[in-house]
Each structure stands twice: as C-alpha cells, then as structure tokens.
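Undergrad: Okay, structure incoming, though there's no sequence with it:
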C-alpha cells in the first residue's frame, strides 16, 4: 500500500530530526506500534511492519540509540577494540564477531589502538559513554587507568587473543605453548642455530610470549636462543630486511623463527632474490597461518590460529551472558595447529 509522506516531509524540514512520532503518523499507526515494528518486528503484522519501514526509509528516520539505551539500561551496541585494522589477523577476528553479533541484532563500535595502551584507555572511556552493552578487547593487558575503569563497569567484558587471568570472559590461545611448538619442530628437523625475529615486543607482547616458549625449549636443550627485535611491525619489507640483519649478526644461523607470517614471507622472498635455498641454506618459519604463506614457494611452515572461530565463539559466549543465560566456562582455549610446509 502506497502512502503520501509529503505532510511528514514538510514537518521534517521544520525540525532538526525526524521523530518516531512522525514515522508513526506517516505509517498510520501509534508510536508504540511503530516502536514495536522496529525493535520487535515479530510482534506486528507484516503489513504494519512494511508500512513502518516504508515511512522510515522515506523520512530518513534514525533511532536515538543513546536515548533508547537509557530507557532500557541496555543498548544493542557492543564495543570492539583491536590494536590494528590493517593486520589480517584482527580483521578476521572482527569478521567472526560481527557476523555472529549482527545475527542477534547487535552492532559493533570499532576502535583501533595502534598497539598503544594509553589510546586503548581513551577509546574505552569514549565507548562506555555510549552505553554499550558489552566490551570486547584484543588482549588481557591494560594500563592501570583502564583497569580501574573496567573494574568499576557493570557490564560483560570479553578479552580475546591470548589466554590468562581475565577480568570476566576470555577466549584465545596459549601463545607460550605456540612458541614451544614451533621451536620443538625446528629442533626435531635437526636445526641447532636458531634465531627468533619479532618487532616491538613491548607492544606486540603476544609475539614476546611466543619467544618465551621458544627460548624455554632451546635452553632446555642447551641451545642459545638469540633474539633480533625490529622497529617495524610485521611487513614483507621488514621481513626482507631482517634476513640480512640476522645473517650478519649470526652467520651460523640455520633457521629463523619469525613472530608472524608477514615477516617470514618477506624473508623467504628475499632469500630467493639472494640465491639462497630454503630450507637448504636457511629454514624459515612463521606464525598465524595466513593465506600468503601458502602461496609462496616453498610453502611456509607456520602455526595456524583459528581467528574467525575465535571471534564467533567470543560473540556467542557474550550473547549468552547478555541473554541472562548461565556461562559455565569463563575461559575457552581455541588451540592452534602446526602447519608444516616446505620452508623448514
């Protein structure tokens, strides 16, 4: 059924923002029915719902989410804070979160810290001011101000990426164990001169956790565990440059354990350009299991982390909490898989 929205449109031009009452008037229903059609569409007829949606579209109505959250003490917004929006790892976690949350009617507010905990604190302050129903952060480490703020917040908090003592809910993997796993593989392959390469480990502390596991395994075998720390976070260029740096500092190096696949792939490509055989002259391993590593020659040996699965599981557990259901496990280990390629 077509309706004439001209009267409501004229009213709109005389006001700053379209109201729910104007939508209801244009659709020929009461404001309560219009609200029900938008927030609980299953409780109205299809004809009523279509009339309200047509009015919303024609008038350009945008619901006041903050006002709605004040009325209900809960919004349909969930804050998600990650350290990078260009790193494929976090993009895939966000994908798992977003698809699962949107299926339940939630929307995400997304923030990027650039691996800066002070910036994380500012983002948390801003997002909590929007009456979010829950908060998801990538990591368990926060500065003291942020920790205090979150301790006083009464809504669910989900910390993802690594396992540990969380503030509320936690979904991730054991990065120290992942470092042990790769170091063990390299030793089993017969390598004894092994260098670990990471970048800005004080900020990318999960890479530092993997180095801890790596170092633990090598020391248990009486093997030195040198570390080369780069200034630039994971990139192909940084990986390529680090190869020469490692071979200059440690000429006897047989294998390089990189903190991520971007660095590892960059080094592998640089080795080819220099005429080095991989793994004959130098073995190369990474972390994350990115598609890039499977499209280089030889294929990259890496640790596969289930990133989308992590996001989906975190979202499902959060939804359970928000729905008032019991959460029987506050922590979930998504695990990891050693993916052996031809590079080691």
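TA: Yep, it's here. Note that this is a predicted model, so its numbers are computed, not measured.
Undergrad: Mind jotting down where the strands sit in the stretch 151-300 of the chain?
TA: 157-162, 169-173, 194-199, 227-230, 255-258, 283-285 (DSSP state E, counting those that start in this stretch).
Undergrad: Now find how far off-centre stretch 277-293 is within its chain.
TA: Computed by Cα atoms, centre = their mean, to the nearest Å, the separation of stretch 277-293 from the middle of its chain amounts to 24 Å.
Undergrad: Which strands and helices lie in contact with the helix or strand containing residue 21?
TA: Using DSSP states H and E, residue 21 sits within helix 20-27. Contact here means 3 or more Cβ pairs under 8 Å, 6 or more residues apart in numbering; DSSP states H and E; on that basis helix 20-27 packs against helix 6-13, helix 31-39, helix 46-59. Bear in mind the C-beta positions are built from the backbone N, C-alpha and C, glycine included.
Undergrad: so for it, what's the average pLDDT?
TA: Average pLDDT, helix 20-27: 90.
Undergrad: that older thread, between the helices and strands packed on helix 20-27, which one is nearest to residue 145?
TA: Across these, residue 145 has its closest neighbour in helix 31-39 (35.6 Å, Cβ to Cβ).
Undergrad: Go ahead and name everything in contact with that closest one.
TA: Residues from elsewhere that reach helix 31-39 (Cβ atoms under 8 Å, 6 or more residues apart in numbering): 20-21, 23-24, 27, 29, 43-44, 48-49, 52-53, 55-56, 63.
Undergrad: between that helix and helix 46-59, how many degrees?
TA: On the basis of axes from the mean of the first three to the mean of the last three Cα atoms, to 10 degrees, helix 31-39 is oriented at 90 degrees to helix 46-59.
Undergrad: distance between helix 31-39 and the chain's centre?
TA: With Cα atoms, centre = their mean, you get 34 Å for helix 31-39.
Undergrad: related to what we said a few turns ago, most tightly surrounded among the strands of the stretch 151-300 of the chain?
TA: The highest mean neighbour count among the strands of the stretch 151-300 of the chain, using mean count of other Cβ atoms under 10 Å, belongs to strand 255-258: a mean of 30.
Undergrad: tell me what it is packed against?
TA: The helices and strands touching strand 255-258, judged by 3+ Cβ pairs under 8 Å, 6+ apart, are helix 175-188, strand 194-199, helix 236-249, helix 261-273, strand 283-285.
Undergrad: And the average pLDDT for it is what?
TA: Rounded mean pLDDT across strand 255-258 is 98.
Undergrad: what's that strand in contact with?
TA: If you take Cβ under 8 Å, 6+ apart as the criterion, strand 255-258 is touched by 182-183, 186, 189, 191, 193-198, 214, 239, 242-243, 246, 264, 267, 279, 282-287, 344.
Undergrad: Rebuild the strands of the stretch 151-300 of the chain as a markdown table, extending it with distance to residue 77.
TA: As requested, the strands of the stretch 151-300 of the chain are exported to a markdown table (distance: least, Cβ to Cβ, whole Å):
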| stretch | distance to residue 77 |
| --- | --- |
| strand 157-162 | 14 |
| strand 169-173 | 18 |
| strand 194-199 | 33 |
| strand 227-230 | 37 |
| strand 255-258 | 37 |
| strand 283-285 | 40 |
